[in-house]
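J.: task: produce atomic coordinates for the following.
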Amino acid sequence: MDKAKAQSKTRARARAIDVTVAIEPGMPVFPGDPPVQLRPALRIAAGDVANVSFIYFGSHTGTHVDPPCHFIEGGKTVDELDVEMLLGPAYVCDCRKAGGQVTAKDLAQAGIPAGASRVLIRTRNSELWGRGFTPDFTELSSAAADWLVERGFRLVGFDYLSVERGEDRNYPVHRKLLGDGVIILEGLNLAAVAPGRMYQMACLPLRIKGGDGAPARVVLTPSA
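T.: Numbering: from 1, shown residues only. This next block holds a predicted model:
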């Protein structure tokens with residue numbers, strides 16, 4: 001293979017993948033969260049100098065970050081998070097065969113490299129985007145949350161609006177992860193991402209002062 005072809009192949013292999021869910025009216029939101037509203041404030045077509053829109057949605061809309069204060073009183077707010085934990089290598093593990101819950105066994109068998117600090121969990125949920133809210137989405141089990149904390153993960157990503165369905169109104173999975181200072185990244189669309197490998201992740205949530213959560217743009221680039 002000549003040098004030009006090799007470079008072209010490397011560029012193709014390193015192509016960035018946007019795993020962010022677009023924010024739009026009618027998109028699924030977790031039950032009880034405010035629906036998305038987008039409406040014009042100024043429009044050039046109406047004689048205004050520029051186009052400006054009014055945007056209304058909850059802090060946990062679409063692809064978003066949960067900081068500890070989401071469930072832990074006095075925990076870090078979104079603007080206090082360590083940016084370094086939102087940038088860097090993340091392993092995408094394949095849990096598409098999981099049923100209603102991703103279990104500790106599923107994670108143990110997913111081939112997560114030793115020493116990894118960020119894990120993004122791909123389930124069947126990534127095929128649910130583009131339709132209304134699906135209440136029986138795959139969730140993370142409490143035992144799986146324990147497994148992640150015990151092994152020192154600092155960021156856990158999940159491919160639906162929540163890591164748990166909320167049938168237990170105490171939300172034990174959120175409390176376990178956030179109580180240990182683990183950042184939760186929810187609402188990922190990993191349908192275009194090949195699981196079972198490491199990626200470079202860039203996750204940039206809105207810097208909301210005192211925020212209990214914030215929408216984020218998340219991009220993955222395959223590691224060499």
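
J.: ok, whichever strand or helix holds F54: who's next to it in the sheet?
T.: Element membership of F54 [criterion: DSSP states H and E] is strand 52-56. Applying DSSP bridges, strand 52-56 is found paired with strand 37-42 (antiparallel).

J.: before we move on, the earlier item: pLDDT of the next helix or strand after the strand holding F54, averaged?
T.: Using DSSP H and E, the helix or strand that follows strand 52-56 towards the C-terminus is strand 64-66. Averaging pLDDT along strand 64-66 gives 98.

J.: can you name every helix or strand that strand 64-66 contacts?
T.: strand 183-186, strand 197-205, strand 214-222 (3 or more Cβ pairs under 8 Å, 6 or more residues apart in numbering; DSSP states H and E). Heads up, the C-betas are built off the backbone N, CA and C, glycines and all.

J.: quick check: buried residues in it?
T.: By neighbour count on 16 or more other Cβ atoms under 10 Å, the buried set for strand 64-66 is 64-66.

J.: pick out whichever of those sits closest to R131.
T.: Within those, proximity to R131 (Cβ to Cβ) peaks at H64, which comes in at 19.1 Å.

J.: contacts made by the strand holding F54 with the rest, please.
T.: Strand 52-56 is contacted by residues 34, 36-42 when judged by Cβ atoms under 8 Å, 6 or more residues apart in numbering.

J.: just stretch 205-220 next, same as before
T.: Stretch 205-220 is contacted from outside by 16-20, 23, 57, 59-67, 69-70, 77-79, 81, 86, 90, 92, 120, 157, 185, 188, 193, 199-204, using Cβ under 8 Å, 6+ apart.

J.: could you rerun that using 7 Å?
T.: Here stretch 205-220 makes contact (Cβ atoms under 7 Å, 6 or more residues apart in numbering) with 16-20, 23, 59-67, 69-70, 77-79, 185, 188, 193, 199, 201-204.

J.: same deal with stretch 118-131?
T.: Applying Cβ under 7 Å, 6+ apart, the set of residues contacting stretch 118-131 from outside is 21, 88-96, 98, 102, 112, 134, 137-138, 153-160, 188-191, 193, 195, 201.

J.: and the buried ones among the residues you listed, selectable in PyMOL?
T.: Applying 16+ other Cβ under 10 Å to the contacts of stretch 118-131 leaves a buried subset, and the PyMOL line that selects it is:
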select buried, resi 21+90+91+92+93+94+95+96+98+102+112+134+137+138+153+154+155+156+157+158+159+160+188+189+190+193+195+201
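
J.: in strands only, show me the contacts of stretch 118-131.
T.: Among the contacts of stretch 118-131, DSSP state E puts 88-94, 102, 155-158, 201 in strands.

J.: among the residues you listed, which two are most distant?
T.: By the measure Cβ to Cβ, G88 and V102 form the most distant pair in those, at 22.7 Å.

J.: over to A144. Which of the three states is it?
T.: helix (DSSP: H, G, I helix; E, B strand; the rest coil).

J.: who's in contact with it?
T.: If you count contacts by Cβ under 7 Å, 6+ apart, A144 has them with 102-104, 107.

J.: also V193?
T.: 17, 19, 92, 122, 220.

J.: gap between the third one and F153?
T.: When you say that, I think you mean V92. Distance of V92 to F153, computed by Cβ to Cβ, to the nearest Å: 13 Å.
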